[in-house]
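1. Quick one, what's the 3D model for this:
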Amino acid sequence: MTAETLQPTESSTECAELSDAVTGDFTPALACAASARVVTRVMHVINGEHYSGAERVQDLLGQHLPVFGYQAAFACVKPGKFGEKRHHQDSPIYEVPMAGRWDVRVARKLSQIILAEGFSLVHAHTPRSAAVGRVAAWLAKVPMIYHVHSPTSQDTTHGLRNRVNNWTERASLYKMSGLITVSNSLGRHMRLQGYHPDLISVVPNGVPTSDRRRTEEPPSETWHVGTVALFRPRKGLEILLESIALMKERGVSVRLRAVGPFETPDYEAEIHWHVERLGLRENIDWVGFTQDVTSELTKMDLFVLPSLFGEGLPMVVLEAMAAGVPVVGTRVEGVPEAIDDGANGVLANPGDAADLAQSMMRVVEGELDWSILRDRAIKSHAEQFSAERMAEGVAAVYDRVLEATRVK
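-> Prediction:
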């Protein structure tokens, strides 16, 4: 293993700078302790084409892992928005573009980078990056960990694509050193796929504590309902539109704030067809992509995640909780692990516009107290879903894998 050692510092100024660099809720004493640790380099192999939930996890790990002795770099096999949109710019990025889905020739180039730059571990995040990362890790003779962000066999509405991705994932995970799943639901899913329980570690997603929050007063007139996503069929935007129309029929003054890009122009055209059909053109604000998700969340009275399937533990749900915005989500995969129905948010049945509308009406009509939901969401985030807790959990997996490698 190749590692570099950060020298301990006695200067309080240097300690403060290290604490600022990781922008966490750690004390200067903990930051100083971190400065004396051995720093091990980890190569995260990612797609890099988009910047949404999984990429947010990768970005935050790059930011917070140094406190626990690990320095992250990123190899993008589909270079795109990640390099441009990420918040943490200090982690190195290597572009190793694949010519196509089955082009693993870049694995040799990646293995050369791993050896030349002294990386001790490979951490892959998608079926495509796992295929490249697995070969590169084998060539460089370092262990590899795979991060499961969503169930690959149920990730899209395209059955053939799901099957191909699932096969690619399974082939790439042969003799894997460790699996990280973002929820207990995904942990169960991977066990059912045949992976040994000892291989699987559940590390819930986390987001930073927000210094900007939705004001404490609930709306008095128009309800601003918001959603944030890379909009694609499994996100259930059509269902949300139907539910907004049902709320209008019940006399509720409501506006939808849709934040995020569309995956394809065809899907965008389909959604706008639904908007016209439902007469909602004047009730929707289309925001598009933004790097400042928190700012958008503070403009919402309710955050709604209408996903149909394929969610591990959605980052944007956690970001809404941290920002003090009550969440209405669907009962898919890991969402109920963050949202306790009626306590810190509301749950609805996926694919059911009437139930989603009724779930929102529970808050609008006062059956559930908006302010109580808000306060409990903030508390749940702080206790269970902080970015620091996520990084600590991932670092613990790294520790176990590298220790097992040393023993061998």
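
2. quick one: contacts of stretch 184-200?
-> Under the contact criterion Cβ atoms under 8 Å, 6 or more residues apart in numbering, stretch 184-200 has outside partners 148, 150-151, 153, 170, 173, 176, 178-181, 202, 312-313, 333-334, 337. Every residue, glycine included, has its C-beta placed from N, CA and C.

3. Which parts of the stretch 51-200 of the chain are helices?
-> Counting by DSSP state H, counting those that start in this stretch, the segments of the stretch 51-200 of the chain that form helices are 53-64, 81-85, 106-117, 127-140, 159-172, 184-192.

4. Quick one: closest of the ones you listed to residue 288.
-> With Cβ to Cβ, the closest approach to residue 288 among those belongs to helix 81-85: 12.7 Å.

5. buried ones in that closest one?
-> When neighbours are counted by 16 or more other Cβ atoms under 10 Å, the buried residues of helix 81-85 are found to be 81, 82, 85.

6. Could I get those residues in a markdown table, plus columns for distance to residue 141 and pLDDT?
-> Putting those into a markdown table (distance: Cβ to Cβ, whole Å; pLDDT from 0 to 100) gives the following:
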| residue | distance to residue 141 | pLDDT |
| --- | --- | --- |
| 81 | 33 | 91 |
| 82 | 27 | 92 |
| 85 | 34 | 87 |
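
7. Least confident of the helices of the stretch 51-200 of the chain, on average?
-> The stretch with the lowest average pLDDT out of the helices of the stretch 51-200 of the chain is helix 159-172, scoring a mean of 73.

8. could I get the helices of the stretch 51-200 of the chain as TSV with distance to residue 289?
-> As requested, those are arranged in TSV below (distance: least, Cβ to Cβ, whole Å):
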stretch	distance to residue 289
helix 53-64	12
helix 81-85	8
helix 106-117	27
helix 127-140	22
helix 159-172	24
helix 184-192	26
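
9. helix, strand or coil for residue 346?
-> Secondary structure, DSSP: H, G, I helix; E, B strand; the rest coil: residue 346 is strand.

10. Let me see the contact set for it.
-> 326, 327, 328, 329, 339, 359, 360, 362, 363, 368, 373.

11. do the same with residue 363
-> Contacts were defined as Cβ under 8 Å, 6+ apart; by that measure residue 363 touches 302, 326, 328, 346, 370, 373.

12. In which helix or strand does it reside?
-> Per DSSP states H and E: residue 363 is located in helix 353-364.

13. if you average pLDDT over the following helix or strand past that helix, what comes out?
-> Sequence order places helix 370-384 as the next helix or strand after helix 353-364, per DSSP H and E. The average pLDDT within helix 370-384 is 95.

14. Which positions in the helix holding residue 363 come out as buried?
-> Of the residues in helix 353-364, those scored as buried under the neighbour-count criterion (16+ other Cβ under 10 Å) are 353, 355, 356, 357, 358, 359, 360, 361, 362, 363, 364.

15. picking up where we left off before, looking at the contacts of residue 363, which has the most residues close by?
-> Ranked by neighbour count under the definition other Cβ atoms under 10 Å, the contacts of residue 363 are headed by residue 326 with 29 neighbours.

16. Not counting sequence-adjacent ones, nearest residue to residue 394?
-> Distances taken as Cβ to Cβ, 6 or more residues apart in numbering put residue 203 closest to residue 394, at 5.6 Å, once the chain neighbours are dropped.

17. One more: residue 349?
-> The spatially closest residue to residue 349, leaving aside those adjacent along the chain, is residue 355, at 4.6 Å (Cβ to Cβ, 6+ apart).

18. Could you pull out the buried residues of the lengthiest strand in the chain?
-> Longest strand of the chain, by residue count under DSSP state E: strand 38-46. When neighbours are counted by 16+ other Cβ under 10 Å, the buried residues of strand 38-46 are found to be 39, 40, 41, 42, 43, 44, 45, 46.
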